[in-house]
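A.B. asks: one predicted model, sequence on top.
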Amino acid sequence: SSLASDDGHIDFQVGGQPVRTDITLDNVSLTTSTAREGFFVDPDSNARRWVDAHSAPHPVDARAARIGSQVADRTTVKWFGGWNKDIKTAVDDYVTRSTAAGQLPTLVAYNIPGRDCGGASGGGAKDVDAYKAWIDGFIAGIAKRPALVVLEPDAVAQADVEQNCLTPQGREARFDMLWYANQHLDAQGPHVKTYIDAGNATWTLGARREDNPADQGIGLSDMADLLGRSGIYLADGVAVNVANYHSTDISNDYGRRLAARVKERLGVDTTWVVDTSRNGNGAYRIPGNETSGQVGFCNPPLRKLGSASRVGEGGAAYYLWIKNPGDSDGRHLDDARCPADGPQYKAGDFSPEFAERLIDGS
């Protein structure tokens, strides 16, 4: 007997002549455990463009080879925002190339108005209508093809009233936009998986998790309620630790606890993905200050690359390199929380110095 496949058909042969049969595969799961077998590597990432510009036939930078193999060859998530002049075309091009390669694209939608509370990564669409038009274009580019989407890093956590980020009207508008995005992504069908950002362990549980009365963070119940108002009912799960450094164990613990609280308060079964791009050494804490985990978000020293994108464990759906390693978190000139003695690159710009530090854990 044998089984062969081409052009979307499967031929079954048992002893005699093969019989061509059209079938539909339902509930297909990605089970690859390595970055490049299943996840599409962005051929135009900041790291890849830097490596190509500093390799032969161009003047060679000695750092290019290892940054290429350790970072650029493993950068499997692409961010989309207002810098994409034609969002539908940009997304369509990326998903088309991924599909042609037989691999799964992972995309970050990052264009919510008032993004990053005006911090180093501030920006976003000008208003609600502009955002809805933008997310419509983003979704149209996917066109119901298989994709993972991480929806609006920081947007839910920064809608917490104690973050002092948005006016009451601004909070309502944000929930409306996130619900709209989740609703329309959900309408793309089962091959498009959406994970709405839910901050990180420190942001929700406090700097010392739940054992420090002085710093409880947003809290699991409040985060669950924020997710409910943002449309978690329509999403496949949440994304945790995006652009942060918490270890996979701590992030999975947070994901499990948040999923349990979402089930308890909203009646929704959910899962999570973890950003493992830079969490090989866990979160940075200022020496002598046990509660300093959250302040180390901006190009901190002694961090290291984490597990490359793959199927998750311990309840996590996936481990993903959501933040592109080497891309700066910000600079002191734009955000005083960024150390003056760290890499001084604008948020989102590629720093070969930072990339090498992440490779070496230095």
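C.D. replies: Arrived safely.
A.B. asks: just give me the neighbour total for Asp249.
C.D. replies: Using other C-beta atoms under 10 Å, Asp249 has 12 neighbouring residues. For glycine as for every other residue, the C-beta is placed from the backbone atoms N, C-alpha and C.
A.B. asks: repeat for His58
C.D. replies: Counted with other C-beta under 10 Å, residues neighbouring His58 total 10.
A.B. asks: what does Asp176 give?
C.D. replies: 16.
A.B. asks: contact partners for the spatially closest residue to it that is not a sequence neighbour?
C.D. replies: Residue nearest to Asp176 in three dimensions, not counting chain neighbours: Val128, with 6.6 Å by C-beta to C-beta, 6 or more residues apart in numbering. Counting by C-beta atoms under 8 Å, 6 or more residues apart in numbering, Val128 makes contact with Pro113, Ala173, Asp176, Met177.
A.B. asks: just flag the most distant two among those.
C.D. replies: For these, the farthest-apart pair by C-beta to C-beta is Pro113 and Asp176; their separation is 11.1 Å.
A.B. asks: now a ChimeraX select for only the buried ones of the contacts of Val128.
C.D. replies: The following ChimeraX line selects those of the contacts of Val128 that are buried, judged by 16 or more other C-beta atoms under 10 Å:
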select :113,173,176,177
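A.B. asks: inside helices: which ones of the contacts of Val128?
C.D. replies: Counted as lying in helices by DSSP state H, out of the contacts of Val128, are Ala173, Asp176, Met177.
A.B. asks: for Gly237, see how far away the last one is.
C.D. replies: In other words, Met177. Distance, Met177 to Gly237, using C-beta to C-beta, to the nearest Å: 19 Å.
A.B. asks: okay, now Gln169: neighbour count?
C.D. replies: Count around Gln169 with other C-beta under 10 Å applied: 8.
A.B. asks: no wait, Arg97
C.D. replies: Neighbours of Arg97 (other C-beta under 10 Å): 15.
A.B. asks: check the one 3 residues further on too.
C.D. replies: Other residues near Ala100 come to 9 when the count uses other C-beta under 10 Å.
A.B. asks: likewise Gly137?
C.D. replies: 18.
A.B. asks: I'd say it and Val91 touch.
C.D. replies: Yes. The pair Gly137 / Val91 is scored as a contact, 7.5 Å apart, by C-beta atoms under 8 Å.
A.B. asks: ok, and the closest non-adjacent residue to Gly361?
C.D. replies: Nearest to Gly361 is Lys304, by C-beta to C-beta, 6+ apart, at 3.6 Å.
A.B. asks: buried stuff in stretch 254-270?
C.D. replies: Buried residues in stretch 254-270 (16+ other C-beta under 10 Å): Tyr254, Gly255, Arg257, Leu258, Ala259, Arg261, Val262, Arg265, Val268, Thr270.
A.B. asks: for the fifth one, what are its contacts?
C.D. replies: Which is Ala259. So Ala259 contacts Gly237, Val238, Asp269, Thr270, Thr271, Trp272, Gly315 (C-beta under 8 Å, 6+ apart).
A.B. asks: now with 6 Å?
C.D. replies: Thr270 (C-beta atoms under 6 Å, 6 or more residues apart in numbering).
A.B. asks: okay, and it sits in which element?
C.D. replies: According to DSSP states H and E, Ala259 maps onto helix 248-266.
A.B. asks: distance from the chain centre to the next helix or strand after that helix, please.
C.D. replies: Where DSSP H and E defines the elements, the next helix or strand beyond helix 248-266 is strand 271-275. Centre-to-centre, strand 271-275 and its host chain are 9 Å apart (C-alpha atoms, centre = their mean, to the nearest Å).
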